[in-house]
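Enquirer: Sequence first, then the predicted structure:
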Amino acid sequence: MTTALVTGANRGIGRHLASQLLERGAKVYAAARRPETLDLPGAVPVALDITDPDAVAAAAALATDVDLLINNAGVSTGATLLGDLGPVRTELDVNFWGTLAMVRAFAPVLAANGGGAVVNVASALSWFAFPGAGAYAVSKAANWNMSNALRLELAGQGTQVTSVHLGAADTDMMKDYDGDKTDPATVAARTLDAVAAGELEVVVDEWSAMVKASLARDPREFYAGFLPA
Ligand SMILES: NC(=O)c1ccc[n+]([C@@H]2O[C@H](COP(=O)([O-])OP(=O)(O)OC[C@H]3O[C@@H](n4cnc5c(N)ncnc54)[C@H](OP(=O)(O)O)[C@@H]3O)[C@@H](O)[C@H]2O)c1
């Protein structure tokens, strides 16, 4: 039996993660900034903005039986690094600092429950940058290497840390994108299967696998399509 807390459980990938965990027999704390927007019968609703230190502490004090923390909540503002710094900071506040705050608050809870696991939903954009998504790419690169570092820091208490990478999923975040999109239910199922199998990284789709492989090559090759000739 798993007891999970999922952030951003009211919509998108987070909602699928929470509902599939319920289907798999887990107890689920469904966390959302506005708990009235949750539609997950059987879950325990939790009001949680991950950038609010008091709310993060209250969630950790409430959900003391958690052995699976899923940091799914994230934002994508379209901010560029040379534009207004406000949304750049917002992306880092949620995708990096808020996620780290959750792990810091729940690390003792996970230790007390046998170690358990942390899942951080990163992105294929952990491994590349895309025009118009500079701040998001930086925040997801930080999220990815945060997972690597936390894996080392939490190894002593037996906590598994898994990072999830995907290109485009069919959620509100990508509503203006016309290309191929993975069903968020598939993202959730692959993530939960991988965590159960003890995997440390979930490369959800072919795009993410291609981007990851490109890191071993000359960046000129990968970025040729984005740069002026
Ligand atoms: N969709 C994609 O193609 C894609 C690709 C790669 C990675 N991802 C990542 O997958 C995760 C889920 O994204 P999604 O596609 O499901 O997006 P989504 O439909 O836009 O959902 C984002 C979720 O995060 C929550 N959230 C945002 N800021 C928060 C905060 N400060 N505290 C707590 N919750 C907060 C939102 O809550 P509200 O309803 O209150 O706004 C919402 O529940 C994100 O980390 C995203 O970066 C998505």
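Expert: Received, thanks.

Enquirer: residues making contact with the helix or strand hosting residue 210?
Expert: Using DSSP states H and E, residue 210 sits within helix 206-214. If you take C-beta atoms under 8 Å, 6 or more residues apart in numbering as the criterion, helix 206-214 is touched by 124, 127-128, 165-168, 203, 221-222. Backbone N, C-alpha and C define where each C-beta goes, glycine included.

Enquirer: Residue 89 - how many residues pack around it?
Expert: Residues near residue 89, counting by other C-beta atoms under 10 Å, number 14.

Enquirer: cool, residue 169 as well?
Expert: Neighbourhood size, residue 169 [other C-beta under 10 Å]: 22.

Enquirer: interface residues of this structure facing the ligand?
Expert: Listed as neighbours of the ligand in the chain under the rule C-beta under 6 Å from any ligand atom: 7-8, 10-14, 32-34, 48-51, 72-76, 94, 98, 121, 123, 166, 168-169, 171-174.

Enquirer: Just the ones of the contacts of helix 206-214 in strands?
Expert: 165, 203 (DSSP state E).

Enquirer: Can you select the buried ones among the contacts of helix 206-214 for me in ChimeraX?
Expert: Only the buried entries of the contacts of helix 206-214 go into this ChimeraX selection, using 16 or more other C-beta atoms under 10 Å:
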select :124,127,128,165,166,167,168,203,222
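
Enquirer: Pull out the buried residues from the helix holding residue 210.
Expert: So, applying 16+ other C-beta under 10 Å, buried residues of helix 206-214: 207-208, 211-212.

Enquirer: Identify the farthest-apart pair in these.
Expert: 207 and 212 (9.7 Å; C-beta to C-beta).

Enquirer: follow-up on the earlier one: give me the buried entries from the residues of the chain next to the ligand.
Expert: 7-8, 10-14, 32-33, 48-51, 72-76, 94, 98, 121, 123, 166, 168-169, 171, 173-174.

Enquirer: Next step: these restricted to helices.
Expert: Mapping those onto helices (DSSP state H) picks out 12-14.

Enquirer: TSV for the residues you listed, including pLDDT?
Expert: What follows is these, written out as TSV (pLDDT from 0 to 100):
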residue	pLDDT
12	98
13	98
14	98
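
Enquirer: How much space separates residue 176 from residue 168?
Expert: 11 Å (C-beta to C-beta, to the nearest Å).

Enquirer: I meant to write residue 195 there.
Expert: 22 Å.

Enquirer: quick check: longest helix of the chain.
Expert: helix 134-154.

Enquirer: Going by neighbour count, list what's buried in it.
Expert: Those would be 134-144, 146-147, 150-151, 154, for helix 134-154 by 16+ other C-beta under 10 Å.

Enquirer: Give me the distance between the lowest-mean-pLDDT helix or strand in the chain and the centre of its chain.
Expert: Ranking every helix and strand in the chain by mean pLDDT, DSSP states H and E puts helix 219-223 at the bottom, with a mean of 94. How far helix 219-223 lies from its chain's middle: 27 Å, per C-alpha atoms, centre = their mean, to the nearest Å.
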